[in-house]
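Visitor: Provided below for reference: sequence and predicted model.
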Amino acid sequence: MLCALIMAGGKGTRFWPLSTEEKPKQFLKLLGEEAMLQITVKRLEKLIPLERIFVVTGRQYKKLVMEQIPNLPQNNIILEPVGKNTAPCIALSAFHINEIYEEATIAVLPSDHLIKDEDSFLEVLSSANEFVNENTEAIVTIGVKPDRPEIGYGYISYGDINCIINGSEVRPVKKFIEKPDIKKAKEYLKAGNYLWNGGMFIWKAVNILRLTSQHLTNTFEVLSEIAVAKDYEKVLEEKYPNVDNVSIDFGIMEKAEDIYVIPGDFGWDDVGSWEAVERYKDKDEFNNVCLGNVQNIGSNNNMVIGNKKPIVLAGIDNIFVVENDDMIFIGKKEEVENIKQFKDLVD
């Protein structure tokens, strides 16, 4: 029984000032007429029915999830009282999903990725599900074939083919690698046996719990107590802050043994920055990306994200403008990668 778990608890600070703690990037319309979470759910519904799609997020975002995915059963919204990184939220969700669907396989997926070739992605996901059903203690991650030396992503090195399922190569993972410098990234691209780590994992719910018990004993004990509590919400609020604050990569993936990767080539991007949005937005004849009520007069190579007010660019080049309900941020386009530092200074 394949289920999807969409992780939607991030704060999206690299998309400030449009992304705020009240409405982070997964709930924003960064790439079209739908929010990133809506795009993700719609993509998955081609393979997995909505009743088997779950969203784990912060308690403060429950209303946003319900507004954006109105037909999602409320029981499919899993709430964290406080953010404690990805390992605890995935384990919390595994307890929840395992109670509803015995023998569930869970595809753990981020809420804010771009995937251009959705059919190819879903074929890879189906192949991963088939492999995990035959190898119940295995973890399959979906790696992305790199097309450039990228320092913003982690990497996966892999070995020889284990098997081929429906055209998808299943290979053993040799190592998960942290974000490299540009020299290493170029070496990985040239070597040809490295993939971008997209943070997508397919594994049995019982296997998630087994590995959590083995590698994150404290977290497992806390969540076990929560799972059987009669007053679930009260105990969750009291006990959940005691779990380990650790990522799934560091807490489990780097320690587990039975891990495989399926290389994918389906037009993926994690849309983790304003530069990523610019890559996929249409540009005018002067290389400007303009969203909203924007008028350009002799201006080139700008990125302008408008909201309610008209914005006029006159004879200016290489700037970055974002308007939200509270402010208009203007800066050099070359400095957009430092947006988190600017946020800290303004706040």
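Guide: Structure's in. What do you need?
Visitor: Show me where the stretch 201-347 of the chain has its strands.
Guide: 259-264, 268-269, 289-291, 294-297, 303-305, 311-314, 319-323, 328-332 (DSSP state E, counting those that start in this stretch).
Visitor: Report the rounded mean pLDDT for the fourth one.
Guide: Same thing as strand 294-297. The average pLDDT within strand 294-297 is 88.
Visitor: Pull out the buried positions in it.
Guide: Residues 294, 296 are the ones in strand 294-297 that count as buried (16 or more other CB atoms under 10 Å). The way it works is simple: take the backbone N, C-alpha and C, and place the C-beta from them, glycine included.
Visitor: Tell me the strands beside it, with direction?
Guide: When pairing is defined by DSSP bridges, strand 294-297 lines up against strand 311-314 (parallel).
Visitor: For the strand it pairs with, what is the distance to the chain centroid?
Guide: Put simply, strand 311-314 sits 34 Å off its chain's centre (CA atoms, centre = their mean, to the nearest Å).
Visitor: Which positions in it come out as buried?
Guide: For strand 311-314, the neighbour count (16+ other CB under 10 Å) marks 311, 313 as buried.
Visitor: re earlier: let's have the strands of the stretch 201-347 of the chain in JSON lines, adding distance to residue 128.
Guide: JSON lines is the format used below for the strands of the stretch 201-347 of the chain (distance: least, CB to CB, whole Å):
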{"stretch": "strand 259-264", "distance to residue 128": "6"}
{"stretch": "strand 268-269", "distance to residue 128": "15"}
{"stretch": "strand 289-291", "distance to residue 128": "35"}
{"stretch": "strand 294-297", "distance to residue 128": "42"}
{"stretch": "strand 303-305", "distance to residue 128": "36"}
{"stretch": "strand 311-314", "distance to residue 128": "44"}
{"stretch": "strand 319-323", "distance to residue 128": "37"}
{"stretch": "strand 328-332", "distance to residue 128": "40"}
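Visitor: Relative to residue 248, which of these is closest?
Guide: strand 259-264 (11.7 Å; CB to CB).
Visitor: Where do the helices of the stretch 51-200 of the chain begin and end?
Guide: Applying DSSP state H, counting those that start in this stretch to the stretch 51-200 of the chain gives helices spanning 62-68, 86-100, 118-134, 182-191.
Visitor: Give me the pLDDT for the residue nearest to residue 273 when sequence neighbours are not counted.
Guide: Closest residue to residue 273 apart from its sequence neighbours, by CB to CB, 6 or more residues apart in numbering: residue 14 at 5.0 Å. On the pLDDT scale, residue 14 is placed at 72.
Visitor: Repeat that for the one 3 residues further on.
Guide: Among the per-residue scores, residue 17 holds a pLDDT of 78.
Visitor: got the contact list for it?
Guide: 322, 324, 326-327, 329, 343, 346 (CB atoms under 8 Å, 6 or more residues apart in numbering).
Visitor: Over to residue 244?
Guide: The contact partners of residue 244, taken as CB under 8 Å, 6+ apart, are 84, 87-88, 216, 218-219, 251.
Visitor: Quick one: buried ones out of those residues?
Guide: For the contacts of residue 244, buried by 16+ other CB under 10 Å: 84, 87-88, 216, 219, 251.
Visitor: from the residues you listed, which is closest to residue 279?
Guide: Within the buried ones among the contacts of residue 244, the smallest distance to residue 279 is 30.5 Å, found for residue 87 (CB to CB).
Visitor: Go ahead and confirm residue 240 touches residue 80.
Guide: Yes - with contact taken as CB atoms under 8 Å, residue 240 and residue 80 are classed as touching, separated by 6.7 Å.
Visitor: where do the contact lists of these two overlap?
Guide: 88, 92.
Visitor: how does this structure divide up, domain by domain?
Guide: Here the domain assignment for the chain is 2-273, 281-346, based on automatic domain parsing.
Visitor: ok, of those, where does mean pLDDT dip lowest?
Guide: domain 281-346 (a mean of 84).
Visitor: okay, how far is it across that domain, tip to tip?
Guide: 28 Å (CA to CA, to the nearest Å).
Visitor: Could you single out the most deeply buried of the domains of the chain?
Guide: domain 2-273 (a mean of 19; mean count of other CB atoms under 10 Å).
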